[in-house]
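Enquirer: Please find the sequence and the predicted model below.
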Amino acid sequence: MNIYIAGKTVVGLLYPLFKAVQVYDVNNNVVINTAQKFMSGIEELLTTFSSLEFVRYRDYVFFNKQRLKYEIDSYANLQFMNTQLKTLNIKSITFKRGVTQQEVIDFASIFKEDRASFQRLLPEKKLPHINIELLKTDKEPEEPIENGQMTKRTYFKALKVTKNLMQNLWTGRPVDVKSSRRVIYGLVDSISRDEFGILALTTIKNFDEYTFNHSLNVGILALALGQRIGLDRKNLARLGTSGILHDIGKVEISKELINKIQKLTDQEWETLKLHSNYGVREILKTRGLDEISMFAITVAYQHHWNYDGTGYPLREKEDEPTLFSRIVRICDSYDAMTTARGYQPVPYLPHFALRVIWSNQNRLFDPILAKVFTQLLGIYPVGSCLELSTGEIGVVMRQNPSAIDLPNVKIVVDSNNNKIDGRTIDLASHTEIKIIRPTYPQIYGINPAAYFL
């Protein structure tokens, strides 16, 4: 069994045990039987691994140095684990060979407590084969600079490749889609390594280069959503490529029409809708066509098909959009709504764009994917500008997977309306600070993307 599957397995065995001790006495048969199942599972794993170590770093949980991802089938298990590690100020938990069933039950019985009770009871428990390391302070370790720089380099390299690809198509020069594969796999690795870090960069919105930024941002959002539902690396590469190329048919439409500020006429709207058909033709024209290109062709054609059978191009009743097309449908809509353009100088606030997606599930959007997408971005997505009960203004920097309505925010405007380079606050820990409302960053002369660069 590989490390990742082993980690998911252990968390899946721990979760029912933690839940059992919350409801039943430690001597109850339910607790004992659940502990026996846990022991059966880890005894086999401990013949392969010398120890089973969980480490919480920032918003992630690592098992034997492999990051565990928030996937739809194991979200509740990992969410609970992450929440309790954070609540109890635990840096790491290690199960070592020789661990007994009684040790496991004793550990589970105090893991449910609040921080003060846990730290008081821990020394009283004899846990020679369960090592628990506490954080020395409440402040979590900063992200290594080199990791953040690597994520930024990956993003801007992908943006350059996306721009070159589309400009070549606009000018009729040959394009080899295989040349972008390395960039796509770089994005896949970035999503796996630091999902929230790469998502933060999708707040970069360049008005003059909307088509390029939008295409890349949709690709990244699609990758993050695909990872959440458990797609493997190969399928993530297919999905990411499809997301980046979804609007490629617009290279056949005049830039004047694409960038038009005034309301489109009926004829102009019909012309613009043809970009889905043109997308198929543009991908077919590229060199190095392979099976990944075939997925991109399908998404380029279907990404405006709605969940209820409406949308364009027209289709037969029995035709259903593929999973990748349904994913890109959501990501395309979200990024378009949250980006300023000629006819939309003030974009939707991120939380409102999510509400639009949520309210249109079952009609425009796949309901399961809409829920996972909301869970992924949080109630207040990264880059949101929030008014706080302190009178200050904060920009959402990272999500709390265990509390999607209580993100980490950086204070950028003080209570006297002065721009500042303020502290970063974890609202899940500082419950005395409340979110009053989302607000427009333009009011304060703020560009949220600047805080991620």
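Expert: Sure, I can see it. Numbers count the residues shown, from 1 in each chain.

Enquirer: hey, let's count contacts and neighbours off CA atoms from now on
Expert: Will do.

Enquirer: now for the longest helix along the chain, which elements pack on it?
Expert: Taking DSSP state H as the criterion, the chain has its longest helix at helix 145-170. Under the contact definition 3 or more CA pairs under 8 Å, 6 or more residues apart in numbering; DSSP states H and E, helix 145-170 sits against helix 181-193, helix 195-200, helix 210-228.

Enquirer: Just the CA coordinates for the longest one, please, in CSV.
Expert: Going back to what we said before, that points to helix 210-228. Provided in CSV are the C-alpha atoms of helix 210-228 (Å, rounded to 0.1, in the frame of the first residue of the first chain):
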residue,chain,number,x,y,z
TYR,A,210,-8.4,39.1,-19.8
THR,A,211,-8.5,36.2,-22.3
PHE,A,212,-5.1,34.9,-21.2
ASN,A,213,-5.6,35.3,-17.5
HIS,A,214,-9.2,34.0,-17.6
SER,A,215,-8.1,30.8,-19.5
LEU,A,216,-5.3,30.0,-17.0
ASN,A,217,-7.5,30.8,-14.0
VAL,A,218,-10.2,28.5,-15.3
GLY,A,219,-7.6,25.8,-15.7
ILE,A,220,-6.3,26.2,-12.2
LEU,A,221,-9.8,26.3,-10.6
ALA,A,222,-10.8,23.2,-12.6
LEU,A,223,-7.6,21.4,-11.4
ALA,A,224,-8.5,22.3,-7.7
LEU,A,225,-12.0,21.1,-8.1
GLY,A,226,-10.9,17.9,-9.9
GLN,A,227,-8.4,17.2,-7.1
ARG,A,228,-11.2,17.6,-4.5
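
Enquirer: tell me which residues of the following helix or strand past that helix are tucked away?
Expert: Once the chain leaves helix 210-228, the next helix or strand it forms, by DSSP states H and E, is helix 233-244. Judged by neighbour count (16 or more other CA atoms under 10 Å), helix 233-244 contains these buried residues: 233, 235, 236, 237, 238, 239, 240, 241, 242, 243, 244.

Enquirer: gap between the third one and residue 420?
Expert: Same thing as residue 236. Between residue 236 and residue 420 the computed distance is 39 Å (CA to CA, to the nearest Å).

Enquirer: Please apply the same query to residue 291.
Expert: Residue 291 is 50 Å from residue 420, by CA to CA.

Enquirer: what does residue 214 give?
Expert: 30 Å.

Enquirer: For the helix or strand containing residue 330, buried residues please.
Expert: Assigned by DSSP H and E, residue 330 belongs to helix 323-337. By 16+ other CA under 10 Å, the buried positions in helix 323-337 come out as 324-337.

Enquirer: returning to that earlier point: what comes up buried for the longest helix of the chain?
Expert: Neighbour-count burial for helix 145-170 [16+ other CA under 10 Å]: 148, 151-152, 154-155, 158-159, 161-163, 165-166, 169-170.

Enquirer: Return the closest of these with respect to residue 416.
Expert: residue 148 (31.9 Å; CA to CA).

Enquirer: Let's verify residue 397: helix, strand, or coil?
Expert: strand (DSSP: H, G, I helix; E, B strand; the rest coil).

Enquirer: That one and residue 80: what is the separation?
Expert: For residue 397, the distance to residue 80 - CA to CA - is 22 Å.

Enquirer: more crowded one of the two?
Expert: residue 397 (24 against 17; other CA atoms under 10 Å).

Enquirer: per-residue confidence for the more buried one?
Expert: Residue-level confidence at residue 397 comes out at 92, pLDDT.

Enquirer: give me the low-pLDDT residue ranges for the protein?
Expert: For the chain, the stretches with pLDDT under 70 are 1, 137-147, 176-179, 207-208, 288.

Enquirer: How is it partitioned into domains?
Expert: 3-134, 145-376, 385-452 (automatic domain parsing).

Enquirer: Would you mind measuring the gap between the ends of the shortest one?
Expert: Taking CA to CA, domain 385-452 runs 14 Å from one end to the other.

Enquirer: starting at the chain centroid, how far to stretch 239-252?
Expert: Chain-centre distance of stretch 239-252: 21 Å, with CA atoms, centre = their mean, to the nearest Å.

Enquirer: Can you show me the strands along the chain?
Expert: Applying DSSP state E to the chain gives strands spanning 51-57, 60-63, 66-68, 90-96, 130-134, 385-388, 393-398, 408-413, 424-426, 435-439.
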